[in-house]
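Chemist: Using only what follows, build the 3D model:
(chains A and B)
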Amino acid sequence: MAEDKYSKIMELAKRRGFFWPSYEIYGGVAGFYDLGPYGVLLKNRIVEKWRRFFVADHSNYVVEIETPIIGPDKVYIASGHVENFTDPIVECLKCGRKFRADHLIKNALGIDVEGATPEEMTNIIRENNIRCPVCGGPLGEVRTFNLLFKTQIGPYEGNTGYFRPELAQGMFVAFKRVYEAMRSRIPLGIAQVGRVGRNEISPRQAMMRLREFNIMEMEYFMDPEDPEGSCPFFYRRENARLRILPYNLKVEGGEPVEYTVAEAVDEGVIIHRCLAYWMAVANDFIQSIGVPYSEIYFEEKGPKERAHYSSQTFDQLVRVSRWGWVEVSGHSYRGDYDLSRHMKFSGQDLTVFKPYPEPRVETRTEYFVDKAYVGRTFKSRAREVFRLLEGVGQEELARAVREGKPLKLGDIIIPPDAIKTKNVKVKISGKKYIPHVVEPSFGVERVVYVAFEHAYREKEGRVILSFPRDIAPVQVAVLPLVEEEPLLKKAMDVYHLLRESGFYAVYDDTGSIGKRYARYDEIGVPAAVTIDFQTLEDDTVTVRDRDSWRQVRVPVTVLPEKLKLYINGASLEELGEPVNS
RNA sequence: GCGGCGGUCGUCUAGCCUGGACUAGGACGCCGGCCUGCCAAGCCGGAGGUCCCGGGUUCAAAUCCCGGCCGCCGCACCA
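Modeler: Just a heads-up that it's a prediction; the model follows:
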């Protein structure tokens, strides 16, 4: 069992201003957390890194949008959340356990009560004397519980709005607009970072399960008939390795198995290469925030564990000290569920057009009524007959011919032999279809917490947050060796130089130098620049590495460029001459 | 929502069982001054506490009792 870092992290996070429970002065409210000054910096860097991996690195195919957090009820009726997020719940009056009322009735009586009102279900339970399946106690009234936060849009009752429980609907609803703005090309990834709300029954585990949190998500739209073309960058990660626990292995209690991305697709472990590709990106992303490969795996969800829209889902799990494996992202194949639903509920055409490489010419037989016959037969009423014939489809004409029965239009009767046929050539240049969707979706706060877990360490009784340098909240601390002029002025100059060069830097001259090094180790600042007496002679400073505590001496003139290399991963020794201490 | 355990300066904690001398003590951190020539040094001074909230018992409650809130653990829940 790994040591429990949880309480140490929570203590540090509160004390140093990373995060803490919200509304503390009013006693707190479960499921809400504030991010403090360093927490916000850290979160922003993590989000920025996610953008690099998922958006910028695929900028020809992936774009980012922002949509409102409150949506009209229609959107969430169409998405299925109003229906599927509302559970009829009944509580045992004796032991207090809660059950799904519909499941209870089905198990007890074998009848399906889908669509029944809570009152009807309560009556069924009373009439059949259904008791608590655990303790045998009596059951209370059936109530509905919905995880959606509900509100009103504008002053009118009944104009219901919901706080979005996921970002996805924003992308689906705006899909057509984005698709056209991005010059109607598929595949197209639409990404978004933002807040969502889920009214969890009992949130717990600090930042791991919140009622309001941030998600980084992408809906990747593609042609289901063209798996190859859907993932033009597949080759870039086809040999990447993933640890996967397929559902069939999971139920047997098996361990994750390592596959390359290509193997997982070829062997059918992952049903679509796009799903596999983005899982590989997720794997790289989570490693880049400091989690080792061996502490990550993907677990397939079983049919009943999946969301209502998904045909395959993997959770990306990361090991943390207190709770074992926790979910940091979900990877779902959503098919065309969402777009189809929005087409149906909005009446809008959300299909895309796929041109064929070569327009196809098809020959079709068309039926038509002989105009000469109509004119001859109906004379002055002919015009009226033509108008009536406009409402008659090919189907009907064909049937009349096939069955040899006359066509009746009110009192007008047209015999089958007045219906002629002709062969016409039709040019078909493509077809319409509803794109399928693959969705990688990350919980931001979980990633933040996981970054903490893997950054936290202790050395010689001191705490160090060894964040990867490029997500560290503060990048560099500028410290005069002692609180004495002209060191202070020189240090200020260096501080301003670094700020102007784009670094997030802090300046600190209080207490002893050792105390300040310790202070910045504890908030994870990767580099400490010290201005000492030699600086006054040759304009060089020392750069100290947070993790090794080693130092090198660097001329101030090249400090910004050297530090930039360092933040991006260069070793300390690449920056300058080692200082012997 | 149920059950178990817990909640005391910013943080960690002593005190609670056995009510009173607690004006709630300490450590770290924080602020100011002196000092400090490279890894939480030292000295002086300072700020900081609704003892989670509400009610009850009592002459007297951080301490006992009840309710609530919050946290952790187990159960249920977690599209």
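Chemist: Moving C-terminal from the helix or strand harbouring residue A:493, which element do we reach first?
Modeler: Assigned by DSSP states H and E, residue A:493 falls within helix A:487-500. Next helix or strand after helix A:487-500 toward the C-terminus (DSSP H and E): strand A:505-507.
Chemist: Tell me which other helices or strands the helix holding residue A:493 touches.
Modeler: With contacts defined as 3 or more CB pairs under 8 Å, 6 or more residues apart in numbering; DSSP states H and E, helix A:487-500 has these neighbours: strand A:476-480, strand A:505-507, strand A:527-531, helix A:533-538, helix A:559-567. (C-beta placed from N, C-alpha, C; glycine too.)
Chemist: how about TSV for those, with mean neighbour count, mean pLDDT and distance to RNA strand B added?
Modeler: Formatted as TSV, the helices and strands packed on helix A:487-500 follow (neighbours: other CB atoms under 10 Å; pLDDT from 0 to 100; distance: least, CB to the nearest atom of the strand, whole Å):
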stretch	mean neighbour count	mean pLDDT	distance to RNA strand B
strand A:476-480	26	96	8
strand A:505-507	20	95	12
strand A:527-531	25	96	4
helix A:533-538	13	94	3
helix A:559-567	18	97	14
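Chemist: could the ones you listed go into JSON lines alongside distance to residue A:106?
Modeler: Formatted as JSON lines, the helices and strands packed on helix A:487-500 follow (distance: least, CB to CB, whole Å):
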{"stretch": "strand A:476-480", "distance to residue A:106": "62"}
{"stretch": "strand A:505-507", "distance to residue A:106": "61"}
{"stretch": "strand A:527-531", "distance to residue A:106": "62"}
{"stretch": "helix A:533-538", "distance to residue A:106": "77"}
{"stretch": "helix A:559-567", "distance to residue A:106": "58"}
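Chemist: Residue A:183: what secondary structure?
Modeler: Reducing the assignment at residue A:183 to three states with DSSP: H, G, I helix; E, B strand; the rest coil gives coil.
Chemist: ditto for the one 3 residues further on
Modeler: Applying three-state DSSP to residue A:186 yields a three-state assignment of coil.
Chemist: State the pLDDT value of it.
Modeler: Looking at residue A:186, its pLDDT is 89.
Chemist: How about residue A:216?
Modeler: At residue A:216, the pLDDT value in this model is 96.
Chemist: Repeat that for residue A:96.
Modeler: 62.
Chemist: and the spatially closest residue to residue A:573 that is not a sequence neighbour, how far is that from residue A:574?
Modeler: Nearest residue to residue A:573, sequence neighbours excluded (CB to CB, 6 or more residues apart in numbering): residue A:552, at 6.5 Å. Look at residue A:552 and residue A:574: by CB to CB, to the nearest Å, they are 9 Å apart.
Chemist: Look at those two and report which has more neighbours.
Modeler: Between residue A:552 and residue A:574, counted using other CB atoms under 10 Å, the more crowded position is residue A:552 (21 against 11).
Chemist: Quickly check: the one helix or strand that one maps to near RNA strand B or not.
Modeler: Assessed by DSSP H and E, residue A:552 sits inside strand A:551-555. Yes: against RNA strand B, strand A:551-555 shows contacts by CB under 7 Å from any atom of the strand at residue A:551.
Chemist: That strand to strand A:527-531, inter-axis angle?
Modeler: 60 degrees (axes from the mean of the first three to the mean of the last three CA atoms, to 10 degrees).
Chemist: And the strands in the stretch 401-550 of chain A, which stretches?
Modeler: A:407-409, A:412-414, A:419-433, A:436-443, A:456-459, A:462-465, A:476-480, A:505-507, A:527-531, A:540-545 (DSSP state E, counting those that start in this stretch).
Chemist: who wins for proximity to residue A:153 among those strands?
Modeler: Checking the strands of the stretch 401-550 of chain A against residue A:153 by CB to CB gives strand A:436-443 as the closest, at 25.7 Å.
Chemist: Quick one: list the elements packing against the closest one.
Modeler: Short answer (3+ CB pairs under 8 Å, 6+ apart): strand A:436-443 packs on helix A:168-173, strand A:212-222, helix A:273-288, strand A:324-335.
Chemist: These into JSON lines, with extra columns for mean neighbour count?
Modeler: Formatted as JSON lines, those follow (neighbours: other CB atoms under 10 Å):
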{"stretch": "helix A:168-173", "mean neighbour count": "23"}
{"stretch": "strand A:212-222", "mean neighbour count": "24"}
{"stretch": "helix A:273-288", "mean neighbour count": "22"}
{"stretch": "strand A:324-335", "mean neighbour count": "21"}
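Chemist: could you dump those to JSON lines with distance to RNA strand B?
Modeler: Converted to JSON lines, these look like this (distance: least, CB to the nearest atom of the strand, whole Å):
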{"stretch": "helix A:168-173", "distance to RNA strand B": "8"}
{"stretch": "strand A:212-222", "distance to RNA strand B": "9"}
{"stretch": "helix A:273-288", "distance to RNA strand B": "16"}
{"stretch": "strand A:324-335", "distance to RNA strand B": "8"}
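Chemist: Which one of these lies nearest to residue A:8?
Modeler: strand A:324-335 (17.5 Å).
Chemist: Run the angle between that closest one and strand A:212-222 for me.
Modeler: Using the same axes, to 10 degrees: strand A:324-335 against strand A:212-222 is 40 degrees.
Chemist: what does strand A:324-335 rub up against?
Modeler: With contacts defined as CB atoms under 8 Å, 6 or more residues apart in numbering, strand A:324-335 is touched by A:168, A:205, A:208, A:219, A:224, A:271-272, A:275, A:278-279, A:282, A:286, A:297-299, A:306-307, A:309-320, A:436-443, A:446-447, A:450.
Chemist: Do I have it right that the residue nearest to residue A:573 meets residue A:579?
Modeler: Yes: the criterion here is CB atoms under 8 Å, and residue A:552 meets it with residue A:579 at 6.3 Å.
Chemist: before we move on, back to that, which strands and helices sit next to the strand holding residue A:552?
Modeler: strand A:540-545, strand A:577-578.
Chemist: and of these, who's closest to RNA strand B?
Modeler: strand A:540-545 (4.5 Å; CB to the nearest atom of the strand).
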